[in-house]
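# Return a 3D structure for these sequence lines:
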Amino acid sequence: MTLWQRLVTWLQRRPGTPTRREFALDSHLFATLQTLARQTGQPEDALANDLLATGLRALSQRDHLWQCWQSLTPREQQATALACLGFTNRQIAARMGISPETVKSHLRAATTKFGVHTKAELRLLLENWDFSAWL
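This is a model prediction of the structure:
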């Protein structure tokens, strides 16, 4: 179950939970929202809904990527981390003490689990992750 699904389920189980939820903004956040609404020409409510939806999608995506990462074996994680750090398959093989063909196998498994087709797509998907501990 994703983070988003857990949140929705939790909200639905709470007794007396209204169908429509309202949230209070602190004064700084409200002023920022008003400024953004003016700049974009959108009503404040519509902009707030868009921002909340975007934030929830980002949380859901982060949760999904973490689940994919956890589904990797330790060797697949290591090969993926090194690939994301820019190492070639030969360099990864040398670091891990395995053949380049085995590296390809690990990366093929990782790309499949993440739902991408290439090492480059995998790198883009995880570009904001910090893999420095793998060096």
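
# Pull the number of nearby residues for Leu135.
Other residues near Leu135 come to 9 when the count uses other CB atoms under 10 Å. Just so you know, the C-beta spots here come from the backbone N, C-alpha and C atoms, and that holds for glycine as well.

# Setting the sequence-adjacent residues aside, check what's closest to it.
Leu85 (6.9 Å; CB to CB, 6 or more residues apart in numbering).

# is it true that the one you found touches Phe131?
Yes - counting by CB atoms under 8 Å, Phe131 is a contact partner of Leu85 at 5.2 Å.

# Tell me the secondary structure of the residue at minimal distance from the centre of the chain, please.
Centroid check for the chain by CA atoms, centre = their mean gives Arg62 as the closest residue, at 2.5 Å. Counting by DSSP: H, G, I helix; E, B strand; the rest coil, the backbone at Arg62 sits in helix.
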